[in-house]
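J.: sequence first, then the predicted structure:
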Amino acid sequence: MKSSITCILTLAALLVAGCNKDFLNNPPIDQVTSDNFYKTDEEVIAGTAALYNIVWFDYNDKAFLSFGEARGGNLNSNDRTAYIQFSVPSTDQNTLLAGYKSFYKIVAQSNLTMYNIENAQGSTVSDAVKKQAYAECRFMRAMAYYYLVSNWGAVPIMYNPLTQLGKVTHRNTIEDVWKFIIRDLRYAADNLPATPAYSQKGRISKYTAEGELAKMYLTRSGYGQTGTRLQKDLDSAKYYAADVCNNSGLRLLDNYADLFRSATNNASSVNDETLFALLWMDIRVPWGVNNSFQAYMAFSTDITQTGDGWGAAQGGSADLVKYYVANPNDSLRRKETLMFEGDYYPDLNKKNGGTRVTNNTIANVKKYIIGSPEDNNKRGDFMTAYINTYMLRLAEVYLIYADAILGNNATTSDAEALKYYNAVRTRAGMPEKAAITFGDIFQEKRVELAFEGNAWYDILRWWYFNKTAASNYVLGQDKANYTVTYNAGSTQPRRWTFASTAQYFGFTDQTVYLPLPEEELGSTPTLSQAPVAFDFSVLP
């Protein structure tokens, strides 16, 4: 079987069949070449649309939760045990290999699209559209490498499907992968417009790239450091986050729950808090443009009404549940993240009076659970919930900004840091703070973004510069089975009793990164060799 790298180097086209759905119109897979496509502005705009969904499908389908939430300590799941316990085998094809390949599909599609645009015969594409398309491709390539370097460390940098064809493939150093990521994102920030590309809702913008740059600089600031972070990277994170926070004109939604309703989060009606999202369609042909998350996470077929809804044994970890039980005032976010005994959701199964949570043995997942097609204006289908997947939203950039301002200080009462940190808290109904620490920001980010695929990556960011503290945090996460029972009669806030026998799992420097898939090592044995420096002089 061909490896992911081999597939990239054979120019595998990953565009999907044409669909009459907003800007997600894509050319037929068997007809796309630089000779007969990418010749006009309209064709280029259609050609980059696949970068927002189908190439991300295998990541979103299973790896999203396994990599980000199971390893991050937020997920209790009977079929992701290896990720929860940091004991992932290299032979795992369903999640490990599929996730790895998904990221390289994104890289391949980005590289191939740029190549086809550049080499289209008889092209009439305007410079403005070409520039934006290249920026989209390089942004998506950077994001794929962010997940690759965060999950596997040193990985091969693939940048050109022709010049690298036939050459020996080696992993490149972590330092150079980060440099490559930031290089691509800076290009995107310099060449994307302040409004979404081509003025189409859901497309990325200059502020998307700047938000991701802030995130990347903040993460890289700790790499190779001991106890403190690199100030020049903190300054860059602060610079880009400040521009997004102060000049983008974007705002937080007033209601946290609206973030996860199809009426205010889908491919045709994205909200002002969205900086980057995977844009899923309400069809499942061709397979891969659909969002399968709800199918696996909804705890009952009564919720989905489409024959799926297999998530009865999927829910929040004991560690995350403990936070919510201990902080009942954080109820707005809790109820939209996890379902507790006694909760009522009028928007799920509306025709039968909504859904009351009763007799559940686990705090099931609520985030991204939107109900049946009938609950969502007839949109959706089997394994096809009509809702986007957030990759970056404004609330996260607010917290990144506060973290960058805090920098290497133990605490800060800086007005800008508090302004944006407290904006996230007050939207959630939580009291403001007059001073904040790294731990405050870390915890706020965890709760705000729980089940959005971020938890592991924040732990890694911490581990980069303080291995002992980050490791102790992971080792201290309770991952046991448990029960949560509503204390009848308690209101404002409602209260629950939590019961479990705590269970903890090992975590070492050797299990920080996932193993390279066995299939990849078999196809490309050089991946087992020591990483090498990347030659940046080969890049245009």
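T.: Done, it's in.

J.: now the strands for this structure?
T.: 75-77, 274-278, 314-316, 338-339, 344-345, 355-356, 364-365, 389-393, 411-412, 436-437, 482-486, 496-500 (DSSP state E).

J.: could those strands go into TSV alongside mean neighbour count, distance to L449 and mean pLDDT?
T.: Every C-beta, even on glycine, is put in place using the N, C-alpha and C of the backbone. Formatted as TSV, the strands of the chain follow (neighbours: other CB atoms under 10 Å; distance: least, CB to CB, whole Å; pLDDT from 0 to 100):
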stretch	mean neighbour count	distance to L449	mean pLDDT
strand 75-77	24	13	96
strand 274-278	24	13	97
strand 314-316	25	13	96
strand 338-339	26	14	98
strand 344-345	16	21	96
strand 355-356	18	24	96
strand 364-365	26	14	97
strand 389-393	23	8	98
strand 411-412	16	21	98
strand 436-437	18	17	98
strand 482-486	18	21	92
strand 496-500	15	22	93
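
J.: can I get those strands in a markdown table including distance to Q132?
T.: As requested, the strands of the chain are exported to a markdown table (distance: least, CB to CB, whole Å):
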| stretch | distance to Q132 |
| --- | --- |
| strand 75-77 | 37 |
| strand 274-278 | 15 |
| strand 314-316 | 39 |
| strand 338-339 | 39 |
| strand 344-345 | 40 |
| strand 355-356 | 43 |
| strand 364-365 | 36 |
| strand 389-393 | 18 |
| strand 411-412 | 37 |
| strand 436-437 | 37 |
| strand 482-486 | 48 |
| strand 496-500 | 49 |
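
J.: mind checking which of those strands is nearest C137?
T.: The closest of the strands of the chain to C137 is strand 274-278. By CB to CB, the value is 14.2 Å.

J.: for S123, give me the pLDDT.
T.: Listed pLDDT for S123 reads 92.

J.: kindly report the same for S4.
T.: Listed pLDDT for S4 reads 47.

J.: for the longest helix belonging to the chain, give the mean pLDDT please.
T.: In the chain, assigned by DSSP state H, the helix with the most residues is helix 127-152. Per-residue pLDDT over helix 127-152 has a mean of 97.

J.: nearest to A49, out of the strands of the chain?
T.: Per CB to CB, nearest to A49 of the strands of the chain: strand 274-278, 11.9 Å.

J.: ok, the closest one: who's next to it in the sheet?
T.: As defined by DSSP bridges, the strand partners of strand 274-278 come to strand 389-393 (antiparallel).

J.: picking that back up, tell me what angle the longest helix of the chain forms with strand 274-278.
T.: Helix 127-152 and strand 274-278 are oriented at 70 degrees to each other (axes from the mean of the first three to the mean of the last three CA atoms, to 10 degrees).

J.: in helix 127-152, what's buried?
T.: For helix 127-152, burial by neighbour count (16 or more other CB atoms under 10 Å) applies to 129-152.

J.: and stretch 377-395, by the same measure?
T.: 379-381, 383-395.

J.: span of that stretch from start to end?
T.: Using CA to CA, to the nearest Å, the span of stretch 377-395 from its first residue to its last is 28 Å.

J.: pLDDT weak spots in the stretch 251-400 of the chain?
T.: Within the stretch 251-400 of the chain, no range satisfies pLDDT under 70.

J.: once you drop chain neighbours, what's closest to the residue sitting nearest the centre point of the chain?
T.: The residue lying closest to the centre of the chain (CA atoms, centre = their mean) is M391, at 4.0 Å. Leaving aside its chain neighbours, M391 sits nearest to F276 (4.3 Å; criterion: CB to CB, 6 or more residues apart in numbering).

J.: look up how far N388 lies from Y345.
T.: To N388, Y345 is 20 Å away according to CB to CB, to the nearest Å.

J.: before we move on, what about A120?
T.: For A120, the distance to N388 equals 30 Å [CB to CB].

J.: the residue located most distally from the centre of the chain and G342: what is the separation?
T.: Centroid-distance maximum for the chain: G489 at 38.4 Å, with CA atoms, centre = their mean. Distance, G489 to G342, by CB to CB: 11 Å.

J.: same question, A404
T.: Taking CB to CB, one finds A404 at 40 Å from G342.

J.: between those two, point out the one with more neighbours.
T.: A404 (26 against 17; other CB atoms under 10 Å).

J.: the more buried one contacts L213, correct?
T.: No - counting by CB atoms under 8 Å, A404 does not reach L213; the two are 11.2 Å apart.

J.: overlap in contacts of the two?
T.: A237 (CB atoms under 8 Å, 6 or more residues apart in numbering).

J.: circling back: check the residue farthest from the centre of the chain and give its pLDDT.
T.: Value listed for G489 in the pLDDT field: 91.

J.: residues contacting the nearest residue to N160 once chain neighbours are set aside?
T.: Once flanking residues are discounted, N160 sits nearest to N111: 6.4 Å by CB to CB, 6+ apart. Applying CB under 8 Å, 6+ apart, we find N111 in contact with 8, 137, 141, 158-161.

J.: please convert the buried members of those residues into PyMOL selection syntax.
T.: Selection of buried members from the contacts of N111 for PyMOL, criterion 16+ other CB under 10 Å:
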select buried, resi 8+137+141+158+159+161
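
J.: burial count for P196?
T.: Neighbour tally, P196, other CB under 10 Å: 20.

J.: name the nearest residue to it, ignoring sequence neighbours.
T.: Nearest residue to P196 in three dimensions, chain neighbours excluded: R203, at 4.0 Å (CB to CB, 6+ apart).

J.: can you give me phi and psi for the one you found?
T.: With angles defined as degrees, to the nearest 10, R203 sits at phi -70, psi 150.

J.: give me the distance between it and F507.
T.: From R203 to F507 the distance is 39 Å (CB to CB).

J.: contacts for stretch 353-366, please.
T.: Counting by CB under 8 Å, 6+ apart, 76, 260, 297-299, 302-303, 311-316, 321, 324, 335-349, 451, 481-484 sit against stretch 353-366.

J.: repeat that with 7 Å
T.: Residues outside stretch 353-366 that contact it (CB atoms under 7 Å, 6 or more residues apart in numbering): 76, 297, 299, 303, 311, 313-316, 321, 335-346, 348-349, 451, 483-484.

J.: CA atoms of that stretch as CSV?
T.: Presented in CSV, the C-alpha positions along stretch 353-366 are these (Å, rounded to 0.1, in the frame of the first residue of the first chain):
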residue,chain,number,x,y,z
GLY,A,353,-41.4,18.3,23.6
GLY,A,354,-37.6,18.3,23.8
THR,A,355,-35.2,16.0,25.5
ARG,A,356,-34.8,15.4,29.3
VAL,A,357,-31.6,13.7,30.3
THR,A,358,-32.5,10.8,32.7
ASN,A,359,-30.7,7.7,33.9
ASN,A,360,-27.5,8.4,31.9
THR,A,361,-24.5,6.7,33.4
ILE,A,362,-22.1,9.2,32.0
ALA,A,363,-22.1,13.0,31.4
ASN,A,364,-22.7,12.7,27.6
VAL,A,365,-21.4,15.2,25.1
LYS,A,366,-23.7,18.1,24.2
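
J.: what sits against the closest residue in space to K62 that isn't next to it in sequence?
T.: Among residues not flanking K62 along the chain, T95 sits closest, at 4.7 Å (CB to CB, 6+ apart). Applying CB under 7 Å, 6+ apart, one finds that T95 lies in contact with 62-63, 66.

J.: give me the neighbour count for A318.
T.: Number of residues near A318 (other CB under 10 Å) recorded here: 25.

J.: was I right to think it contacts A480?
T.: Yes - contact between A318 and A480 holds when scored by CB atoms under 7 Å: they sit 4.9 Å apart.

J.: give me the common contacts of these two.
T.: S500.

J.: which residues touch Q314?
T.: Taking CB under 7 Å, 6+ apart, we find Q314 in contact with 77, 296-297, 364-365.
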